[in-house]
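> Here is a sequence together with a model predicted from it:
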Amino acid sequence: MTSKPDASEISESDRKLLDELRKRIAKDLELVPAYNDDFSLMRWLIGWDRKIDVVVPKIKFSLRAIHALGLDSEDLTSLEKVTKKCDECSVALTYLPGSLIGLDKENNVISLQMIGHLDAAGLMPATRNSDLYRMRIAESEGVMQIIRNLEKQHGKPFGTSAIFDLDGLSMAQIDMSALKCVTTMLTQLQEMFPDVIRKIFVINTPTFIQVLWGMISPCLAKQTQQKVKILGSDWKLHLKENIGEEVLFERWGGTRKAETEYGNVRMGGKIPVELRYDPANDLPADKLTKLNISARSTSFVPITLEGKVPGRKLYWWWRIENNDINFSILHAAEGQEKVAEHDDDYMVHPKFKLQTEFVPEDGDVAAEEPGVYKFVFDNTHSKLRSKAVKYFIEVRNPEK
């Protein structure tokens, strides 16, 4: 496992890589200047084995996505602010168990996830896939803001420690639709925030832990897999030694005082039936246009807007008939209006792999600038299966 260097310990060869990386992503760093520091960029180089040609497209996507979601302009510099931002993503997601609880002995941000209390089957029918992406990316970017502040104060790199509490987990809770969504999202988070995790502790493991691990481990980076420790019955002792008893609530063997043994950790629970999406609210068929996307291919819907109109927005609604597809919105660079995607395009909505088995995807984005906006449906990940999307797109001008 590669250890992280302090700024003073960055080698001459790494300095050259940092200089090259900065040159190649200069425009993207202008979108999110907070990432233009040695520790942030070294995380990318270390996370992708210093292969700069691999790093460049990945960090470009991440910086553009953070900017497209508006997270670069949000103040997420405290655990409370991060939690508040995550709660705003979706009412159903406020039932997700787990919280950020503080800093461990080494000043790494601690995430405590109560996996065994997750109502997976109730989650999928109650929120859009994209809401889960937005929430987890907002949480991760908030953690990065906290980490960057710590690094400025202490002059050395930090990361995260995660505790996965599987107490109460049963095979009956493992919903395959939810599992597919979560594992896809985990893969994307690792792409966007590499080499941040320092330690992962798994506690209260059920007898079928190997089955569960077999489902999840393939979507984890090799570096991450090496940091996982599945603890036995003495897990409280390990957590006190590695995390610190003063930051742990009583339930997890700590001495931190709170009104309950759980403290501020969200314990989850059954998602109310009334939060489930009603298919009767789908747009009528006569409003929808069908688009077929062949296997290994990408299709897009171009929307041309004239003149600059303050407050103008583009609204979309779509469903895919089966499986999943990558969806993004781009503002075409000059001369790139007739291709689905180009590196010079401006990202309006990040590319997420989404399914709409229960809840359709809809939303709106600011579209004040003139030009061609490309609604991109990318099926290149599917080797054999074509996909059919039914969509509706509407220009919404501000009321006068």
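That came through fine.

> And the helices in the chain, which stretches?
Secondary structure of the chain (DSSP state H): helices at 12-24, 26-31, 38-47, 52-68, 79-87, 120-123, 129-154, 176-192, 209-216, 222-225, 235-242.

> just checking, residue 217 touches residue 224?
No: the criterion here is CB atoms under 8 Å, and residue 217 misses it with residue 224 at 9.1 Å. Glycine gets a C-beta too; all of them are placed from N, C-alpha and C.

> Look at those two and report which has more neighbours.
residue 224 (19 against 14; other CB atoms under 10 Å).

> contacting residues around the closest residue in space to that one that isn't next to it in sequence?
Spatial nearest neighbour of residue 224, excluding adjacent residues (CB to CB, 6 or more residues apart in numbering): residue 197 at 5.6 Å. Residues in contact with residue 197, defined by CB atoms under 8 Å, 6 or more residues apart in numbering, are 159-162, 224, 227.

> which ones among those residues are found in strands?
160-162 (DSSP state E).

> between these, which is closest to residue 344?
residue 160 (33.7 Å; CB to CB).

> Without its sequence neighbours, what residue ends up closest to the closest one?
Residue 160 sits nearest to residue 109 (CB to CB, 6+ apart), 4.9 Å away.

> just residue 292 next, same as before
residue 388 (5.4 Å).

> now the strands for the stretch 251-400 of the chain?
289-293, 298-305, 313-320, 324-331, 346-355, 361-366, 371-378, 387-396 (DSSP state E, counting those that start in this stretch).

> Please list all residues in contact with residue 254.
239-240, 243-248.

> could I get those as JSON lines with pLDDT and distance to residue 172?
JSON lines is the format used below for the contacts of residue 254 (pLDDT from 0 to 100; distance: CB to CB, whole Å):
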{"residue": "239", "pLDDT": "96", "distance to residue 172": "28"}
{"residue": "240", "pLDDT": "95", "distance to residue 172": "32"}
{"residue": "243", "pLDDT": "95", "distance to residue 172": "30"}
{"residue": "244", "pLDDT": "94", "distance to residue 172": "35"}
{"residue": "245", "pLDDT": "94", "distance to residue 172": "34"}
{"residue": "246", "pLDDT": "96", "distance to residue 172": "37"}
{"residue": "247", "pLDDT": "96", "distance to residue 172": "33"}
{"residue": "248", "pLDDT": "96", "distance to residue 172": "29"}
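
> Give me the ChimeraX select line for those, limited to the buried ones.
Those of those that count as buried under 16 or more other CB atoms under 10 Å are selected in ChimeraX with:
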select :239,240,243,244,245,247,248
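
> farthest-separated two in the contacts of residue 254?
Longest span within the contacts of residue 254, CB to CB: 239 and 246, 11.9 Å.

> re earlier: closest to residue 81 out of the contacts of residue 254?
Using CB to CB, these come closest to residue 81 at residue 247, 18.5 Å.

> That closest one touches residue 104, doesn't it?
Yes: under the criterion of CB under 8 Å, residue 247 makes contact with residue 104 at 6.7 Å.

> Common neighbours of these two, please.
If you check residue 247 and residue 104 against CB under 8 Å, 6+ apart, the residues they both contact are residue 110.

> Report the buried residues of stretch 206-221.
Buried residues in stretch 206-221, defined by neighbour count with 16+ other CB under 10 Å: 212-213, 219-221.

> hmm, who's touching that stretch?
Contacts of stretch 206-221 (CB under 8 Å, 6+ apart): 47, 166, 169-171, 174, 179, 183-184, 186-187, 190, 194, 202, 225, 228, 230.

> Now, of the residues you listed, which are buried?
So, by 16+ other CB under 10 Å, the buried ones in the contacts of stretch 206-221 are 47, 166, 169, 174, 183-184, 186, 190, 194, 202, 228.
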